[in-house]
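1. I need the structure of the sequence given here:
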Amino acid sequence: MAVMSDIDNSPKRIHRLLCQATFGANKKDLEAVKVIGFRQWYENQSKVKPSLHLPLSIEFTPDFEKKNRVRGTARLGAWWRNSLEGEDQVRQRMAFALSQIFVVSENGASNHQLLASYYDLLVKHALENFRDLFYDVTLHIAMGRFLTLRGSRKANIKKNTFPDENYARECMQLFTLGLWLLNDDGTPKLDQSGRKIPAYTQEDVEELSRVLTGWSGGSSTSPMVSKSRHHDKGEKTVLGAIFKPKQSAEQDLSQAVDLLFNHPNTPPFIANLLIKRFVASNPRPEFIQRVATVFKNNGKGVRGDLKATLFAILTDPDAVNGVAPATTKQQGIATLVS
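-> The predicted structure is shown next:
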């Protein structure tokens, strides 16, 4: 695995690396990396207590106790405070990158209190495991409202109502698989006619939407909960995997998360997205493959280790040495994913 164990003490390289890993290099961190090396500095960063946004947003809202509602300016103020002054810079930087992948919005019926709570979820999981992040994102009310999973119920033929397909489609397209089947280096697989192969079908979307029925409730401090009577307990088939009948909403969700988490597309797809948000807008396939390899196995047999994945991104030779980006022919999914 061609990943640097550390970098040299060149001030220029250290500064470049810290600017990618944080919201801006400062003298304290520059001096620390010179003394202990980037690997140890990164390890120390991962152990810093997370700087959370919801408590600060509440503190910055003068009339919170009266209205029990966080102001938008307070939430943004909390973000700026933690991003610029938080000691957990790597975690904050990763949370920001994840917020551009697992997107929610105040325009999706979420208030600023829920948005601050959702961002804290990203902060807490930023250097943990992707599988746990994906599961908890799915059940957060901000996501439930934005991609309309909250309140999705099993089909009622008499009323001509069917499960909401929004989250089912987007969690495959945006959060895990992407649109096309991929090679390990992020380039699209091709059929015998030289055409890209879809990663999923409309039938997969419809079946996954059945899997994800029955969730409601949720708050800034608690995830959505299942309502058994609204969950589709019939047999389903998603991406060729069978979901046995009579499973609970929790069992179906856990199986679905495992299915997408372990799909061959997820490592190169997520590797590409994260590289773009930290290092290069058009990474070479070799860069993507090296990072995807770490996502698949952090060296200790663990898949989805975001801490190890980010370290691989930041210390990859292409990142440290500023290797030229992919050419038009090389870029693979760089043209397919923003």
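
2. contacts for the longest helix seen in the chain, please.
-> Counting residues, the longest helix found in the chain (DSSP state H) is helix 27-46. Around helix 27-46, the neighbours that count as contacts under CB atoms under 8 Å, 6 or more residues apart in numbering are 5-7, 9, 11, 14-15, 17-18, 21-22, 88-91, 127, 307, 311, 314-315. For every residue, glycine as well, the C-beta is placed using N, CA and C.

3. select the helix or strand of this structure having the lowest average pLDDT value.
-> Least confident helix or strand of the chain, by mean pLDDT, DSSP states H and E, is helix 64-67 with a mean of 88.

4. what's in contact with that helix?
-> Identification of contacts with helix 64-67 by CB under 8 Å, 6+ apart yields 58, 70.

5. tell me which element residue 138 falls in.
-> helix 130-139 (DSSP states H and E).

6. repeat that for residue 242.
-> Assigned by DSSP H and E, residue 242 belongs to strand 241-243.

7. could you pull out the buried residues of stretch 131-141?
-> Residues 131, 133, 134, 135, 136, 137, 138, 139, 140, 141 are the ones in stretch 131-141 that count as buried (16 or more other CB atoms under 10 Å).

8. export that stretch as CSV, just CAs?
-> What follows is stretch 131-141, C-alpha atoms only, in CSV (Å, rounded to 0.1, in the frame of the first residue of the first chain):
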residue,chain,number,x,y,z
ARG,A,131,-21.2,2.0,8.7
ASP,A,132,-22.3,3.6,12.0
LEU,A,133,-22.3,7.0,10.5
PHE,A,134,-24.6,5.8,7.7
TYR,A,135,-27.0,4.1,10.1
ASP,A,136,-27.3,7.1,12.4
VAL,A,137,-27.7,9.6,9.5
THR,A,138,-30.6,7.5,8.2
LEU,A,139,-32.4,7.8,11.5
HIS,A,140,-31.8,11.4,12.3
ILE,A,141,-34.9,13.5,12.0
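
9. how far off centre is that stretch?
-> 9 Å (CA atoms, centre = their mean, to the nearest Å).

10. same check on stretch 243-257?
-> On the basis of CA atoms, centre = their mean, the separation between the geometric centre of stretch 243-257 and that of its chain is 22 Å.

11. between the two ends of that stretch, what distance do you get?
-> End-to-end distance for stretch 243-257, by CA to CA, to the nearest Å: 12 Å.

12. flag every buried residue along it.
-> Applying a neighbour-count criterion of 16+ other CB under 10 Å, the buried positions in stretch 243-257 are 243, 247, 249, 251, 252, 253, 255, 256, 257.
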